[in-house]
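*Asks:* Sequence first, then the predicted structure:
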Amino acid sequence: MGLRLRAACGVALLGGYFLVIPALIITPLLVGVWRLDTNPISGLYWMIVGLATAWAVTESLALSARGYRFVREAEIDRAGQPELWRIVDELAAEVGTRAPDEIHLIGEANANVQEEGRLLGLVPGRRYLRIGWPLLAGLSVAELRAVLAHELGHYSHGHTRLAAVTYRGTVAMEQISHKVHGIAGATLQAYTYLYGLFVRSVNRAQELQADRLAVQVAGPAALRSALRRLPALAGAMLEYEDYLELAATARLNPELVAGFRSLLTDPVRAAHSAELWDDWLDVEPVSTWDSHPPLRERIALADAAGVREVPSDDRQAWVLLADLPSIEIRLTGGRNLPRASWPEIARTAGFLQAMDGAERLRDLARRSGVARNGTLGETLDGLEADKVHRLASWLPAAEHLTAAESGSVLTNLLTDTIIAAVVVAGLGEHELNWSGPFRVRFASGIELDSEELTCTVHAAVSDPSQVTRLRTWLSERDVPLDQQRFQAK
């Protein structure tokens with residue numbers, strides 16, 4: 001069965017679903033009317049079942065009809081970004097399709113296309129191409145061309161029009177199946193399950209069809225290389241979120257692309273990613289519910305295509321963008337925030353996080369009566385006097401915490417207090433670490449051993465006799481014990 005015929009069958013199955021629904025509504029209503037004369041209670045029951053099913057279906061359809069449109073991040077206009085648009089236009093012509101009307105950058109290591117057609121997508125409409133900015137940071141121009149050729153290939157084969165139908169139909173089916181109960185609900189759930197299996201098989205075939213176009217336009221090597229990079233970029237983006245949280249904490253506007261490039265090229269992370277990739281193709285999970293074929297199948301398709309290679313453009317894809325800083329500001333929504341380097345962001349965010357923990361511990365120590373002024377020295381005196389339980393009793397939701405959980409919270413707060421004291425005293429500062437996300441380095445150049453400090457603090461929190469050991473650690477590093485408030489330098 002050809003792919004177009006299979007896709008058409010998917011639409012037909014979707015239509016069949018909505019023919020089954022009236023039967024599930026009308027049948028109990030007719031049974032109810034028929035039973036009213038002989039058994040009013042039974043008749044009323046069946047009529048309620050029919051009306052409840054009709055209500056659930058109506059409500060679900062109303063929810064599923066709320067636009068099929070992705071959230072936009074930052075639009076890339078033709079006048080401001082001619083180079084990127086030029087490549088997209090060229091690729092659209094090569095795959096034999098109309099170019100998108102809009103291009104948007106998104107914060108995912110992915111790309112996708114969308115078409116807002118009329119009549120549930122059966123009539124062509126406005127087209128959107130969404131490109132993840134992490135792809136621009138992590139791929140070469142040649143690799144990006146392969147990814148974009150694949151996405152534009154979906155337009156060429158009409159996949160996006162059917163996607164609108166199947167997407168809305170699937171949403172409606174899932175909504176209805178969850179709201180309708182009883183025999184009718186079980187029937188609709190079974191239909192939804194079988195329809196999902198069929199549509200996913202069509203989706204996988206469409207992906208391979210788009211891959212074949214990408215191979216012809218961008219070359220086997222570019223597609224193969226891009227496919228190998230995409231999982232690593234997606235994983236790196238998840239890790240990069242931690243760094244973006246630092247920027248939010250510091251209320252500073254980061255260099256998005258430069259930071260992501262630095263994370264990707266960090267030796268520790270790069271070695272780890274390479275190690276994971278060596279095993280990924282063999283252990284990649286495969287499910288009949290997957291919308292994409294496994295990577296090994298897609299790479300094998302590129303290898304076996306027998307298509308001539310295309311001259312490679314090894315420039316980093318971000319060179320296609322003009323005025324990158326202004327785009328990054330739009331992506332982060334930080335128009336009113338000062339722009340800062342990543343080392344500055346790490347220093348500021350690290351100290352603010354430590355300061356927050358220090359102030360929380362100071363407040364706990366004062367309110368619990370463990371320390372009059374809440375200084376580090378007074379808190380250590382309280383621990384030495386075995387007042388840790390009094391301190392823990394003032395933790396938020398203390399009654400729901402176990403002793404181990406309370407000890408862990410106090411360990412973190414006391415560790416933050418010590419680090420804040422180190423920074424305030426000018427003994428050291430937070431340092432950007434792309435394997436980290438940051439570390440503390442003393443002015444002498446020696447890195448603070450965070451694991452050693454945490455273990456020493458935990459021992460002091462757990463055992464009063466271990467407080468002396470923590471005092472010794474602090475004394476050897478000249479950490480002041482009388483700081484009452486922690487303020488940014």
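*Replies:* That came through, no problem. Numbers count the residues shown, from 1 in each chain.
*Asks:* Per-residue pLDDT of His285, please?
*Replies:* Actually, residue 285 is Pro. It isn't His. For Pro285, the model assigns a pLDDT of 70.
*Asks:* What of Arg66?
*Replies:* We note a pLDDT of 45 for Arg66 in this prediction.
*Asks:* Arg360 now?
*Replies:* Turning to Arg360, the model gives it a pLDDT of 94.
*Asks:* in what helix or strand does it lie?
*Replies:* Per DSSP states H and E, Arg360 falls inside helix 342-368.
*Asks:* Pull out the buried residues from the following helix or strand past that helix.
*Replies:* Remark: after helix 342-368, the chain's next helix or strand is helix 376-384, criterion DSSP H and E. By 16 or more other CB atoms under 10 Å, the buried positions in helix 376-384 come out as 376, 378-380, 382-384. Where you see a C-beta, it was placed from the backbone N, CA and C, and this is true even at glycine.
*Asks:* what helices or strands is helix 376-384 leaning on?
*Replies:* Helices and strands touching helix 376-384, by 3 or more CB pairs under 8 Å, 6 or more residues apart in numbering; DSSP states H and E, are helix 342-368, helix 388-392, helix 403-424, helix 450-462, helix 467-476.
*Asks:* Partner strands of the longest strand anywhere in the chain, with direction?
*Replies:* What stands out as the longest strand in the chain, according to DSSP state E, is strand 123-132. Next to strand 123-132 in the sheet, as set by DSSP bridges, lie strand 102-106 (parallel), strand 111-118 (antiparallel).
*Asks:* looking at these, which one has the lowest mean pLDDT?
*Replies:* Here the lowest mean pLDDT among the strands paired with strand 123-132 goes to strand 111-118, at a mean of 80.
*Asks:* would you turn the helices and strands packed on helix 376-384 into a markdown table with distance to Glu73?
*Replies:* What follows is the helices and strands packed on helix 376-384, written out as a markdown table (distance: least, CB to CB, whole Å):
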| stretch | distance to Glu73 |
| --- | --- |
| helix 342-368 | 21 |
| helix 388-392 | 44 |
| helix 403-424 | 34 |
| helix 450-462 | 35 |
| helix 467-476 | 47 |
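*Asks:* These: which one's closest to Ile183?
*Replies:* Nearest of the helices and strands packed on helix 376-384 to Ile183, taken as CB to CB: helix 403-424 at 47.3 Å.
*Asks:* Measure how far the direction of the helix or strand hosting His154 deviates from that of strand 111-118, in degrees.
*Replies:* Following DSSP H and E, one finds His154 within helix 141-156. Counting by axes from the mean of the first three to the mean of the last three CA atoms, to 10 degrees, helix 141-156 lies at 20 degrees to strand 111-118.
*Asks:* Helix 141-156 - what's its average pLDDT?
*Replies:* Here the average pLDDT along helix 141-156 is 92.
*Asks:* Just the C-alphas of that helix, formatted as PDB.
*Replies:* Provided in PDB are the C-alpha atoms of helix 141-156 (Å, rounded to 0.1, in the frame of the first residue of the first chain):
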ATOM      1  CA  VAL A 141      25.800  24.900   7.600                       C
ATOM      2  CA  ALA A 142      25.800  21.600   5.600                       C
ATOM      3  CA  GLU A 143      24.200  19.700   8.500                       C
ATOM      4  CA  LEU A 144      21.600  22.400   9.000                       C
ATOM      5  CA  ARG A 145      20.800  22.300   5.300                       C
ATOM      6  CA  ALA A 146      20.100  18.500   5.600                       C
ATOM      7  CA  VAL A 147      17.800  19.100   8.600                       C
ATOM      8  CA  LEU A 148      15.900  21.900   6.800                       C
ATOM      9  CA  ALA A 149      15.700  19.900   3.600                       C
ATOM     10  CA  HIS A 150      14.100  17.100   5.600                       C
ATOM     11  CA  GLU A 151      11.500  19.400   7.100                       C
ATOM     12  CA  LEU A 152      10.700  21.100   3.800                       C
ATOM     13  CA  GLY A 153      10.300  17.700   2.300                       C
ATOM     14  CA  HIS A 154       7.200  17.300   4.600                       C
ATOM     15  CA  TYR A 155       5.700  20.200   2.700                       C
ATOM     16  CA  SER A 156       6.700  18.700  -0.700                       C
END
